[in-house]
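Q: Here is a sequence with its predicted model. Questions after.
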Amino acid sequence: MPIASAIIQQYAAQGWRYVGYIPTKFSGEGGSKEIDLIFEREAEHDTDAL
C-alpha cells in the first residue's frame, strides 16, 4: 500500500492521526479492492462561543 502510506504521511504532517480504514469495494474472492482512510485530530475550541 505505498499510495496509502504517502497519504497517511501527508495528513500526519498536517496534524491528522490515522485511525483505520473502511473497505468500500471487494474482489470476487472477498479481498478489499478499495478502501477509505480514516483520520482524526483535535477540534479547535472557540472560547468566545462559551
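A: Good, I have the coordinates.

Q: mind checking how far stretch 24-32 is from the chain centre?
A: Relative to its chain's centre, stretch 24-32 lies at 19 Å (CA atoms, centre = their mean, to the nearest Å).

Q: and if you look at stretch 10-25?
A: Relative to its chain's centre, stretch 10-25 lies at 2 Å (CA atoms, centre = their mean).

Q: Tell me the buried residues in that stretch?
A: By neighbour count on 16 or more other CB atoms under 10 Å, the buried set for stretch 10-25 is Tyr18. Any C-beta I mention is one placed from the backbone N, CA and C, and that applies to glycine too.

Q: Extract the C-alpha set from it and format it as PDB.
A: In PDB, the C-alpha atoms belonging to stretch 10-25 read as follows (Å, rounded to 0.1, in the frame of the first residue of the first chain):
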ATOM      1  CA  GLN A  10       0.900  13.800   4.200                       C
ATOM      2  CA  TYR A  11      -2.100  14.000   6.600                       C
ATOM      3  CA  ALA A  12       0.200  13.400   9.600                       C
ATOM      4  CA  ALA A  13       2.300  16.400   8.600                       C
ATOM      5  CA  GLN A  14      -0.900  18.500   8.800                       C
ATOM      6  CA  GLY A  15      -1.700  17.300  12.300                       C
ATOM      7  CA  TRP A  16      -4.100  14.400  11.500                       C
ATOM      8  CA  ARG A  17      -3.800  11.000  13.100                       C
ATOM      9  CA  TYR A  18      -4.500   7.800  11.100                       C
ATOM     10  CA  VAL A  19      -7.000   5.600  12.900                       C
ATOM     11  CA  GLY A  20      -8.000   3.000  10.400                       C
ATOM     12  CA  TYR A  21      -9.800   2.200   7.200                       C
ATOM     13  CA  ILE A  22     -13.100   1.000   5.800                       C
ATOM     14  CA  PRO A  23     -13.200  -1.300   2.800                       C
ATOM     15  CA  THR A  24     -15.500   0.100   0.200                       C
ATOM     16  CA  LYS A  25     -15.200  -2.300  -2.700                       C
END
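
Q: Now do it, average pLDDT.
A: For stretch 10-25, mean pLDDT rounds to 96.
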